[in-house]
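[1] Fold the following for me, if possible:
(one chain, ligands or ions: 1)
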Amino acid sequence: MSATTLTAAAPSVRASSQGSPVVTVRALQVAYDTELVLDRVDLDLHPGEMVALLGASGSGKSTLMKSLTGFAPITSGTADVAGRDATSASGRELRRLRADVGQVFQQFNLIPRLSVFSNVLTGALHRAGPLNVIGGFTSEHRRLAMHYLDRVGIAHKAKEPARSLSGGQQQRVAIARALMQQPRVILADEPVASLDPKLATSVLELLHDIAKGDGIPVLVSLHVLPLALAHSDRIIGLRHGEILLTAPTAQLDSEKLSVLYEFEEVDDDDHLA
Ligand SMILES: Nc1ncnc2c1ncn2[C@@H]1O[C@H](COP(=O)(O)OP(=O)(O)OP(=O)(O)O)[C@@H](O)[C@H]1O
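    Now for the predicted structure:
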């Protein structure tokens, strides 16, 4: 693999962020059997910033996110997530690391028959030990669930079954569930790929507001360049498993980003819609 860093910004350069990084990745390498999927990846995520992760299909975006929660076969390098070592954590340490990471997915992953409120409550299970689960949710859990439903603007739907909500509303519930973990960082893997442009915009605005307002760094993988340009502080571009560019979003445009998709079978226009 070969990669050229097109943009001057080093991985540690911050945009609108403050404080020490919550996530620090250095020289990360991931391989499935003999296939090298990520190589020499450096990444910092600071409190307050929303970072868009771009790259053609198969460039390694999901794998990078998985490597931060111990779900990818890391072969070398370091990955510190909120003070825990994602390359070696196991058992209780790994559970704590995963509790520190709120995750949002394309398909929302809600339990359809459960109420919106109950779905959000399940976010507390990441931090609850087995005894707490048996004992049920506390009044503080319930207060927090309503607080986060309010935070994502959907408290009025608390009693509805999750299946009755629109896609955009379901993604808001999934974000509230992630907040229920009281995460140190949020990883959102193509969170708007199933939503129409208007809903996609509102969900990305919410994630950006959480990054800025709550100080929780958000790493979001996206396929649509204008959405990334409109809703991030910094962009990291992967190509064939390596970081090809990293820069404050204000320094980038669709033309500069198109290099990420050159020589791919997918039509560049797919990313401009
Ligand atoms: N469990 C796995 N076993 C073997 N190879 C895998 C596995 N998961 C991912 N890969 C390979 O790793 C590479 C990167 O995949 P990854 O899903 O991280 O890419 P991506 O950029 O997220 O793609 P997309 O945009 O299509 O979701 C691909 O070549 C893929 O086939």
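
[2] Pull up the residues of this protein that are close to the ligand.
    Neighbours of the ligand within the chain, by C-beta under 6 Å from any ligand atom: 32, 37, 55, 57-63. The C-beta positions use only the backbone N, C-alpha and C, and glycine is treated the same way.

[3] Please list the members of these that lie in helices.
    Within the residues of the chain next to the ligand, residues falling in helices by DSSP state H are 61-63.

[4] circling back: CSV for the residues of the chain next to the ligand, including neighbour count, pLDDT and distance to Leu219?
    Formatted as CSV, these follow (neighbours: other C-beta atoms under 10 Å; pLDDT from 0 to 100; distance: C-beta to C-beta, whole Å):
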residue, neighbour count, pLDDT, distance to Leu219
Tyr32, 11, 95, 21
Val37, 21, 97, 17
Gly55, 25, 97, 13
Ser57, 11, 95, 18
Gly58, 13, 95, 18
Ser59, 24, 96, 15
Gly60, 26, 97, 13
Lys61, 24, 97, 9
Ser62, 18, 97, 11
Thr63, 21, 98, 13
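
[5] In the stretch 151-273 of the chain, where is pLDDT below threshold?
    Applying pLDDT under 70 to the stretch 151-273 of the chain flags the ranges 263-273.

[6] again, only using 90
    262-273 (pLDDT under 90).

[7] what about the helices in it?
    Remark: helices assigned in the stretch 151-273 of the chain by DSSP state H, counting those that start in this stretch are 167-180, 197-214, 225-230, 254-257.

[8] Tell me who's in contact with Ser166.
    If you count contacts by C-beta atoms under 8 Å, 6 or more residues apart in numbering, Ser166 has them with Leu199.

[9] And for Gly60?
    Gly60 makes contact with 30, 37-38, 41, 238, 240-241 under the criterion C-beta under 8 Å, 6+ apart.

[10] out of those residues, which one sits closest to the ligand?
    Nearest to the ligand among those: Val37, at 4.0 Å, using C-beta to the nearest ligand atom.

[11] Touching, that closest one and Thr63? I think so.
    Yes: using C-beta atoms under 8 Å, Val37 is in contact with Thr63, at 5.1 Å.

[12] Give me the common contacts of the two.
    With C-beta under 8 Å, 6+ apart as the test, Val37 and Thr63 both reach 30, 72, 241.

[13] Strands - which of those land there?
    Using DSSP state E, Val30 are the members of the shared contacts of Val37 and Thr63 that sit in strands.

[14] Can you show me the strands along the stretch 101-250 of the chain?
    Remark: strands assigned in the stretch 101-250 of the chain by DSSP state E, counting those that start in this stretch are 101-105, 185-189, 218-221, 234-239, 242-248.

[15] and Ala145, which of those strands is closest to it?
    Evaluated with C-beta to C-beta, those place strand 101-105 nearest to Ala145, the distance being 14.2 Å.

[16] Grab the most central residue of this protein for me.
    Centroid check for the chain by C-alpha atoms, centre = their mean gives Leu187 as the closest residue, at 1.8 Å.

[17] how much space between that residue and the ligand?
    According to C-beta to the nearest ligand atom, to the nearest Å, Leu187 stands 12 Å off from the ligand.

[18] That residue contacts Thr69, correct?
    Yes: using C-beta under 8 Å, Leu187 is in contact with Thr69, at 7.4 Å.

[19] Dump the residues of the chain next to the ligand into JSON lines; add distance to Leu245 as well.
    Formatted as JSON lines, those follow (distance: C-beta to C-beta, whole Å):
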{"residue": "Tyr32", "distance to Leu245": "25"}
{"residue": "Val37", "distance to Leu245": "19"}
{"residue": "Gly55", "distance to Leu245": "10"}
{"residue": "Ser57", "distance to Leu245": "18"}
{"residue": "Gly58", "distance to Leu245": "18"}
{"residue": "Ser59", "distance to Leu245": "12"}
{"residue": "Gly60", "distance to Leu245": "14"}
{"residue": "Lys61", "distance to Leu245": "14"}
{"residue": "Ser62", "distance to Leu245": "19"}
{"residue": "Thr63", "distance to Leu245": "18"}
